[in-house]
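Enquirer: Here you go, sequence then predicted model.
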Amino acid sequence: MIKVIGFDLDDTLWAVRPIIIRAEQQLDAWLKAEVPDMIHDVTSMRGLREEVVSQRPELAHQVTALRRTIIETAMVQSGIDARRARQLATDAMETFLHARNQIEFFDGALPAIRTLAQDYTLGALTNGNADITRLGLATYFSFAFSAEDVGAPKPEPDLFHKALSHTSARPHEMIYVGDDPQLDIDTANELGLRTVWVNSRNKPPGRTIADETIEHLEDLPAAIRSINK
Ligand SMILES: [Mg+2]
């Protein structure tokens with residue numbers, strides 16, 4: 001008996017790459033307007049990633065804190081004093097996150113979520129920094145955990161353990177829906193969860209086989225039904 005359905009977000013419910021590109025463009029425009037003394041732009045800031053992670057390795061998997069720290073570092077390197085840099089980096093990050101959450105759902109995503117929310121506890125487990133409240137999904141999702149919250153990204157099991165303990169579900173009572181054959185499907189299968197692989201891009205499978213594989217989210221409710229029969 002299935003009680004809980006967990007979702008990966010990026011590339012499962014929407015395409016993430018165009019969103020990140022647009023969010024970085026908006027961040028760049030904001031920096032040019034608000035911080036004209038910056039010697040870095042979004043492209044040159046990518047070169048600071050390694051430097052920041054070598055000084056603060058704990059940031060490697062904290063996508064939001066890492067990006068904020070890179071922006072702050074770029075400002076300090078541009079001669080902006082530390083206190084002002086901290087405030088400006090927070091404001092810059094708000095611009096980025098606002099744009100990062102302007103997503104366009106794949107066809108069928110919202111109808112499937114609305115249907116499934118009537119019968120199951122839904123939630124999100126993500127390595128990224130999409131925010132279900134900003135996305136308008138909080139109405140349907142009763143939990144959302146990020147790698148940043150739990151301290152370790154998929155394929156570590158921490159996000160799945162967190163969802164199971166939060167919902168008091170046993171592994172076989174939860175279905176996980178994701179696009180990545182290794183990070184999502186193999187990890188969830190090896191923890192004893194049931195799985196639906198959203199393989200809209202015809203990727204090769206990982207080490208394990210999903211219970212159901214779909215190409216379009218319109219088919220998700222039927223896939224869930226056939227697992228839960
Ligand atoms: Mg994904």
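Expert: Noted; the coordinates are in hand. Numbers count the residues shown, from 1 in each chain.

Enquirer: now the farthest one out in the protein, which residue is it?
Expert: In the chain, counting by Cα atoms, centre = their mean, G79 sits farthest out from the average C-alpha position, at 33.3 Å.

Enquirer: For the ion, see how far away the closest residue to that residue other than its chain neighbours is.
Expert: In this structure, G79 finds its nearest non-sequential neighbour in D37, 6.6 Å apart by Cβ to Cβ, 6 or more residues apart in numbering. Quick note: C-beta positions are derived from backbone N, CA and C, even for glycine. The span separating D37 from the ion equals 37 Å under the rule Cβ to the ion, to the nearest Å.

Enquirer: thought S142 was touching L122?
Expert: Yes: between S142 and L122 there is a contact under Cβ atoms under 8 Å: 6.5 Å.

Enquirer: quick one: secondary structure of the residue farthest from the centre of the chain?
Expert: Classification of G79 into helix, strand or coil gives coil, according to DSSP: H, G, I helix; E, B strand; the rest coil.

Enquirer: ok, now how distant is it from Q26?
Expert: For G79, the distance to Q26 under the criterion Cβ to Cβ, to the nearest Å works out to 24 Å.

Enquirer: For M45, what is the enclosing helix or strand?
Expert: According to DSSP states H and E, M45 maps onto helix 42-46.

Enquirer: so what does that helix touch, helix or strand wise?
Expert: Packed against helix 42-46, as judged by 3 or more Cβ pairs under 8 Å, 6 or more residues apart in numbering; DSSP states H and E, are the following elements: helix 17-34, helix 63-77.

Enquirer: residues near the spatially closest residue to G178 that is not a sequence neighbour, how many?
Expert: Once flanking residues are discounted, G178 sits nearest to D184: 2.6 Å by Cβ to Cβ, 6+ apart. Number of residues near D184 (other Cβ atoms under 10 Å) recorded here: 28.

Enquirer: quick one: D184 is in a helix?
Expert: Yes: assigned with three-state DSSP, D184 falls within a helix.

Enquirer: do you know how far it is from the ion?
Expert: The span separating D184 from the ion equals 6 Å under the rule Cβ to the ion.

Enquirer: bridging residues for I175?
Expert: Beta bridges link I175 to I5, R194 when assigned by DSSP bridges.

Enquirer: List the contacts of the closest residue to the ion within the chain.
Expert: Closest residue of the chain to the ion, Cβ to the ion: D11 (3.9 Å). By Cβ atoms under 8 Å, 6 or more residues apart in numbering, the residues touching D11 are D179, D180.
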